[in-house]
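J.: sequence? don't have it. structure:
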């Protein structure tokens, strides 16, 4: 699943995109002039998604979530999704509402979301609406924003990938035009949360703000700088700030140099960056 936090004018939201079932996980069967796609939903996966969303919301908000809103074309599932969700809600003591995606859209447009809302949605809707929600609630454009991909399969449970919201940009490959801001933010999040670089995210935001004030941007943001030019300017800003990093990683005990955040962080031979984090 893909997980992101949003601030809707003071109403905190957690967006959870279901990438584990539905149209995005199906398979195609081809016959002349036709293609048939088969997809599956399961109670087991649905409950895994709900359980993670609830756990993640409790981590984000000590008081816990107010409610979980699910945006799915649930009427196509003959009532099965409703029953699974109803049982989960009763067992966990949390309000869970299942709505058609267009109803969720109407409610988001007509009303301010309730604070501490978890929005769990099928990727058929969430893939499109993620960038709309970012724009509507002032969190930036998809080119500037990173998010987390969380794995639930037992073989890789706990593995988290940081990814730009916009995904790949194959049409820009090799042209030095790609906006690097989301990738820089993802790198800062990993440095701070897994490698012990306290202040990495704040320093990154401060450096990006200074670049914006100086007009150092890629063409998609109305600037004239290349990807390399923006990254070079960003590293220079970090170096000029002389922001100290942690001398030891709380996650793994990896020794780090006290220097600017522009310096590379390299683990000792044989040591992992964090427990359970694959190289």
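T.: That came through fine. All values derive from a computational prediction rather than experimental measurement. Numbering: from 1, shown residues only.

J.: Just name whatever secondary elements the helix or strand hosting residue 109 is in contact with.
T.: Following DSSP states H and E, one finds residue 109 within helix 101-110. For helix 101-110, the contact count by 3 or more Cβ pairs under 8 Å, 6 or more residues apart in numbering; DSSP states H and E identifies strand 67-71, strand 117-122, helix 123-136 as packing neighbours. Where C-beta positions appear, they are placed from N, C-alpha and C, glycine not excepted.

J.: State the mean pLDDT of the last one.
T.: Read it as helix 123-136. Averaged across helix 123-136, pLDDT comes to 88.

J.: ok, now stretch 211-226?
T.: For stretch 211-226, the mean pLDDT works out to 91.

J.: same thing with stretch 153-169?
T.: Mean predicted lDDT for stretch 153-169 stands at 82.

J.: which helices and strands does the host helix or strand of residue 186 pack with?
T.: In this assignment (DSSP H and E), residue 186 forms part of helix 181-194. Secondary-structure packing of helix 181-194 (3+ Cβ pairs under 8 Å, 6+ apart): strand 146-150, strand 160-164, helix 200-213, helix 227-241.

J.: Any regions of this protein where pLDDT drops low?
T.: Applying pLDDT under 70 to the chain flags residues 138-140, 166-168, 242-279.

J.: can I get the helices and strands packed on helix 101-110 in JSON lines with distance to residue 152 and mean neighbour count?
T.: Below are those laid out as JSON lines (distance: least, Cβ to Cβ, whole Å; neighbours: other Cβ atoms under 10 Å):
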{"stretch": "strand 67-71", "distance to residue 152": "17", "mean neighbour count": "23"}
{"stretch": "strand 117-122", "distance to residue 152": "13", "mean neighbour count": "23"}
{"stretch": "helix 123-136", "distance to residue 152": "14", "mean neighbour count": "17"}
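
J.: can you tell me which of the ones you listed comes nearest to residue 37?
T.: Residue 37 sits nearest to helix 123-136 of all the helices and strands packed on helix 101-110, at 11.7 Å, using Cβ to Cβ.

J.: Tell me what angle the closest one forms with strand 117-122.
T.: Using axes from the mean of the first three to the mean of the last three Cα atoms, to 10 degrees, the inter-axis angle of helix 123-136 relative to strand 117-122 is 140 degrees.

J.: Need the residues that contact helix 123-136.
T.: For helix 123-136, contacts defined as Cβ atoms under 8 Å, 6 or more residues apart in numbering pick out 2, 4, 6, 8, 13, 15, 17-19, 22-24, 71-73, 101, 104-105, 108, 121, 139-142, 145, 147, 165-166.

J.: tilt between that helix and strand 146-150?
T.: Put simply, helix 123-136 runs at 150 degrees to strand 146-150, going by the same axes, to 10 degrees.

J.: Kindly list the main-chain dihedrals of the residue lying farthest from the centre of the chain?
T.: For the chain, the residue at maximal distance from the C-alpha centroid (Cα atoms, centre = their mean) is residue 32, at 39.3 Å. In terms of degrees, to the nearest 10, the main-chain angles of residue 32 are phi -50, psi 120.

J.: what about residue 198, which SS state?
T.: coil (DSSP: H, G, I helix; E, B strand; the rest coil).

J.: Tell me the spacing between it and residue 96.
T.: According to Cβ to Cβ, to the nearest Å, residue 198 stands 36 Å off from residue 96.

J.: Show me which of those two is the more surrounded one.
T.: It is residue 96, of residue 198 and residue 96, that has more neighbours when counted by other Cβ atoms under 10 Å, with 21 against 17.

J.: Having no further points to raise, I will conclude here.
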